[in-house]
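# please work out how this folds:
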Amino acid sequence: MQSNLDEIINQLNQLSERVGGYTLKTYNLLGCTLMMKNDCDRAIKIFENAVNELKLDSEEGQAKLAGPNPDLACLIFNYIKCLAI
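Below is the predicted model:
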């Protein structure tokens, strides 16, 4: 199982390199995969990077929180879940 999770992590990192960066979905998938590996410290850093990249304390970031955004909601939910573990 660990090697499968490591392969998923490698694939997500390669995907982000090909498309020019991480998206909310790739951040979320990477964080969840790290949680499955019981590597919550690294998962928290991934979720924090995603939240910081969104600049939620700016006007632009607040606009992302104002409307429905299922990808952001999922990421924040998994971040909170990771913090609770």
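# quick check: which element contains residue 13?
With secondary structure defined by DSSP states H and E, residue 13 is part of helix 2-19.
# and that helix, C-alpha only, in PDB?
What follows is helix 2-19, C-alpha atoms only, in PDB (Å, rounded to 0.1, in the frame of the first residue of the first chain):
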ATOM      1  CA  GLN A   2       2.800   2.400   0.900                       C
ATOM      2  CA  SER A   3       4.400   2.100  -2.600                       C
ATOM      3  CA  ASN A   4       1.000   2.800  -4.200                       C
ATOM      4  CA  LEU A   5       0.700   6.000  -2.100                       C
ATOM      5  CA  ASP A   6       4.200   7.000  -3.000                       C
ATOM      6  CA  GLU A   7       3.400   6.500  -6.700                       C
ATOM      7  CA  ILE A   8       0.300   8.700  -6.400                       C
ATOM      8  CA  ILE A   9       2.400  11.400  -4.700                       C
ATOM      9  CA  ASN A  10       5.000  11.200  -7.500                       C
ATOM     10  CA  GLN A  11       2.300  11.300 -10.200                       C
ATOM     11  CA  LEU A  12       0.700  14.400  -8.600                       C
ATOM     12  CA  ASN A  13       4.000  16.200  -8.400                       C
ATOM     13  CA  GLN A  14       4.800  15.400 -12.000                       C
ATOM     14  CA  LEU A  15       1.300  16.600 -13.100                       C
ATOM     15  CA  SER A  16       1.800  19.800 -11.300                       C
ATOM     16  CA  GLU A  17       5.100  20.300 -13.000                       C
ATOM     17  CA  ARG A  18       3.600  19.700 -16.400                       C
ATOM     18  CA  VAL A  19       0.700  22.100 -15.900                       C
END
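# and for it, what's in contact with it?
Applying Cβ atoms under 8 Å, 6 or more residues apart in numbering, the external contacts of helix 2-19 come out as 22-23, 26, 29-30, 33-34, 36-37. Heads up, the C-betas are built off the backbone N, CA and C, glycines and all.
# just these now: which is nearest residue 60?
For those, the residue nearest residue 60 by Cβ to Cβ is residue 23; the value is 16.4 Å.
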